[in-house]
Structures are given as C-alpha cells and as structure tokens.
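J.: have a look at this fold, sequence not included:
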C-alpha cells in the first residue's frame, strides 16, 4: 500500500518529499510494506531518503537536494517526527543522496557532492558528482567535512549506501558501466570500504572501483589519447570538460561534461582554438572531429556548428597543415580531413564561430581524434 499525503499542516515541515516504510501483514498473514510519502509544497525537486537506525536504538532521517540538506529524529515507528528539523550547511558541495551510518562512537554522513570548479577536490564539472563525507559525535551533527570516498564514476552522479556485513564494511553506488548503461540507466556496484584507524576520527579510505577484466586495447591510428588537451577559453565554463575531447567516447545524446564548449550567456567569443600537446613528437596525416550543436548553422545564439575551421601544427611556429582535403562542419557524423604527413608535438584546431546580427553562437566538440598513417600500439 502506498499512501500519499499532501502537507497542508504548517507545523509539519519535513522537506520536499519523504518516504518511509513500515512492515505489516494483511488479514491472510501476507507480509506487506506500508509506504508513507509526505510532500512539502514549499520545496521542489525532491530527493527520497529512507530512515536510518544509526545503531544507537534511535531512528534518524536525512533528506535534501540541490544544496539543501536537512535531518531529524523519528519515533521508532519511522513515521512520526520526534524532534525539530535541523539544517546542515557545513558539508561543502552537498548535492543529494545523504547516507547516515555509525561506527564505534563516530557518525558518518556520506553524500553525492558537487562543488564545481577547476580546483575542486571533488568534481571538475557541473554535472559530475563524487561521494564525499563528514563526521560528527552526534547523529544530528554538527558535521565536519572530511574528504572524498569515491571520485566521479562513469555516470554523472553516484549515490552511496554503506553497510557492515560479517565485520567488513561495503560501499554500494551506481555507475553506467554495465552493458547499454548510461547516465540515466545505471547499474549497482559494490566495493569494500576500509578505514584508517591511525587518525581521529577514523577516516574512510578513498575507494578505487573494482572493474571486470577488460581485453587489451587494440592497435589504433588515433594518437589523441596520449595528448594533453588545452583550449583558448581556460578555465572553461564549469558545465563542460576539456578531458572529454580525447576520452574515446562518443554518445548519441551527450551531456555537457561530455563536451568541450565555450557557450556563455553573454560575451561569446568570435572564435576559439583547441590544442593537443604530446610528450614527444608524433607523425600524423588525418583528424576526425565530432561537433555538437543545438542550433543550425548561421545562428548567433545557443551552440551552432562552426562557420569554418582549420588545423595548424607546430614547427618553429604555427603553420597550416599542408594539403588538407576538406573541413566539414556537419554534426550528424564525424568530420574527417586528411593532409600531408607531418611530425609535430602540437596540433591546434582553430574554430570560427557562427554569427547573426552581431552575436556569436557558442562552439562545442564532443571528440577529436588525430590519426597516424598506420596503427600504433596503445
């Protein structure tokens, strides 16, 4: 049975959406679970959390999303509020998915974190999330931020769950690693969670995901993966990610962190450049680019295909690659250009933005491959 309650009682301010469950049985003795959902009309974008018995015989619940984290104590029926709602503002980057646990005398609160920026200890882009945590001596805080449990995974966000089983702690989370997985088609992963008891309070060690054995990469002409990518607009807007350029992934419907881009609300530049730098010279004769756009060619708003582009290589200065075949700008398929073989340590893509009525559109590239004349070992 699922009972939905609209919160019109202003004394009961539990947050955007809370769902709790209790066990019961019907007249024939079948076990059922009763779900109680409480909506608070003052909040939007609910994040669901279940009550957590924090190993001291008392029940607590934490909930929140988009930077707002709240908690309270519940009665043992896991439905009735027992104490006041507390607001938590001391855990930087809180985004959603709080998980409360207790080990010995210390409380730990794990959560999906996103304090975006190039110097962020957690996430370089707006859409990604790591799993971070804080500690407290009380289940309701005050909380002190302690660090990262799990760095960003293949899905843009990852929600934690931590349990102890036969003396070993485990972290459950989700990724896009399974077959046909994606940001919104996630699979569950589990790894051992270990502790550093040499410090106080004991710290959670950063987890390295366990991955299934993978076949050795095949030889390839693409040498871009070995390069370091830079761009003319660094630091780039936080919704984009420079490392997406040569990560080897092309998606039908990419999210912003799977692109390099330069779109901003105002003051968009008339052009931009992207650059690959290799630790040692490479010999190349072609490039392949996946452009992305949400506006047609000739637009001066949104993100549009470039008006034109070209490749330059470094040899005592920047020079156009010789004998370039063509520079297509379509977004429905990769655009490939071939050129006479050159050896260089740097290759630059120079882009001219589409424009209209004195305004320039943004630019975006999902993947940029640079090809050698023949296959090379990875």
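T.: Arrived safely, thanks for sending. Values in this document were obtained by computation on a predicted structure and should not be read as measured data. Residues are numbered from 1 along each chain as shown.
J.: got any ranges where the stretch 201-350 of the chain has weak pLDDT?
T.: Across the stretch 201-350 of the chain, nothing is flagged by pLDDT under 70.
J.: mind listing the strands for it?
T.: Along the stretch 201-350 of the chain, counting by DSSP state E, counting those that start in this stretch, strands occupy 203-204, 220-222, 228-231, 260-261, 271-291, 308-314, 318-320, 335-352.
J.: show me which residues of the fifth one are buried.
T.: Within strand 271-291, the residues that qualify as buried by neighbour count (16 or more other CB atoms under 10 Å) are 271-276, 278, 282, 284-291. (Glycine included, C-beta is placed from N, CA and C.)
J.: now find how far off-centre it is within its chain.
T.: In terms of CA atoms, centre = their mean, to the nearest Å, the centre of strand 271-291 is found 26 Å from the chain centre.
J.: just checking, what packs against that strand?
T.: On a contact count with 3 or more CB pairs under 8 Å, 6 or more residues apart in numbering; DSSP states H and E, strand 271-291 meets strand 228-231, strand 335-352, strand 364-376.
J.: can you check the last one too?
T.: In this structure, strand 335-352 packs against strand 271-291, strand 308-314, strand 364-376, with contacts taken as 3+ CB pairs under 8 Å, 6+ apart.
J.: quick one: the last one to chain centroid distance?
T.: Using CA atoms, centre = their mean, we find the averaged C-alpha position of strand 364-376 to lie 25 Å away from the chain's own average C-alpha position.
J.: could you give the mean pLDDT of it?
T.: Taken as a whole, strand 364-376 carries a mean pLDDT of 95.
J.: now for it, which elements pack on it?
T.: strand 220-222, strand 260-261, strand 271-291, strand 335-352.
J.: still on that earlier bit, in JSON lines: the strands of the stretch 201-350 of the chain, plus distance to residue 112.
T.: Below are the strands of the stretch 201-350 of the chain laid out as JSON lines (distance: least, CB to CB, whole Å):
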{"stretch": "strand 203-204", "distance to residue 112": "15"}
{"stretch": "strand 220-222", "distance to residue 112": "33"}
{"stretch": "strand 228-231", "distance to residue 112": "27"}
{"stretch": "strand 260-261", "distance to residue 112": "24"}
{"stretch": "strand 271-291", "distance to residue 112": "29"}
{"stretch": "strand 308-314", "distance to residue 112": "37"}
{"stretch": "strand 318-320", "distance to residue 112": "43"}
{"stretch": "strand 335-352", "distance to residue 112": "34"}
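J.: tell me the one of the buried residues of strand 271-291 nearest residue 198?
T.: residue 278 (41.4 Å; CB to CB).
J.: pretty sure that closest one sits against residue 225.
T.: No - assessed by CB atoms under 8 Å, residue 278 is found out of contact with residue 225, at 10.5 Å.
J.: coming back round to it: between the helices and strands packed on strand 364-376, which one is closest to residue 193.
T.: Comparing these by their distance to residue 193 (CB to CB), the top pick is strand 260-261, with 34.6 Å.
J.: okay, now the sheet partners of the closest one, with direction.
T.: Strand 260-261 pairs in its sheet with strand 364-376 (antiparallel), by DSSP bridges.
J.: what's the angle from the strand it pairs with to strand 335-352?
T.: 130 degrees (axes from the mean of the first three to the mean of the last three CA atoms, to 10 degrees).
J.: what domains does the record give for this structure?
T.: 2-204, 220-376 (automatic domain parsing).
J.: rebuild the ones you listed as a markdown table, extending it with distance to residue 214.
T.: Converted to a markdown table, the domains of the chain look like this (distance: least, CB to CB, whole Å):
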| stretch | distance to residue 214 |
| --- | --- |
| domain 2-204 | 11 |
| domain 220-376 | 13 |
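J.: find the nearest non-adjacent residue to residue 342, please.
T.: Of all residues not flanking residue 342 in the chain, residue 313 sits nearest, at 5.1 Å (CB to CB, 6 or more residues apart in numbering).
J.: what number of residues lie near that neighbour?
T.: By other CB atoms under 10 Å, 18 other residues sit near residue 313.
J.: ok, residue 91 - contacts?
T.: For residue 91, the contact set (CB atoms under 8 Å, 6 or more residues apart in numbering) comprises 69, 109, 111, 113, 132, 134, 143, 145.
J.: was I right to think the first one contacts residue 113?
T.: What it means is residue 69. No - counting by CB under 8 Å, residue 69 sits too far from residue 113 to count as a contact (10.8 Å).
J.: which of these two has more neighbours?
T.: A direct count of neighbours by other CB under 10 Å for residue 69 and residue 113 places residue 113 higher, at 30 against 25.
J.: mind listing the residues bridging to residue 109?
T.: residue 100, residue 134.
J.: quick one: it and residue 115, what's the gap?
T.: Distance of residue 109 to residue 115, given as CB to CB, to the nearest Å: 16 Å.
J.: the two: which has the busier surroundings?
T.: Neighbour totals were compared for residue 109 and residue 115, and residue 109 leads with 26 against 18 (other CB under 10 Å).
J.: would you confirm that the more buried one contacts residue 98?
T.: Yes - at 5.9 Å, residue 109 counts as touching residue 98 under the criterion of CB under 8 Å.
J.: between these two, which contacts overlap?
T.: residue 62.
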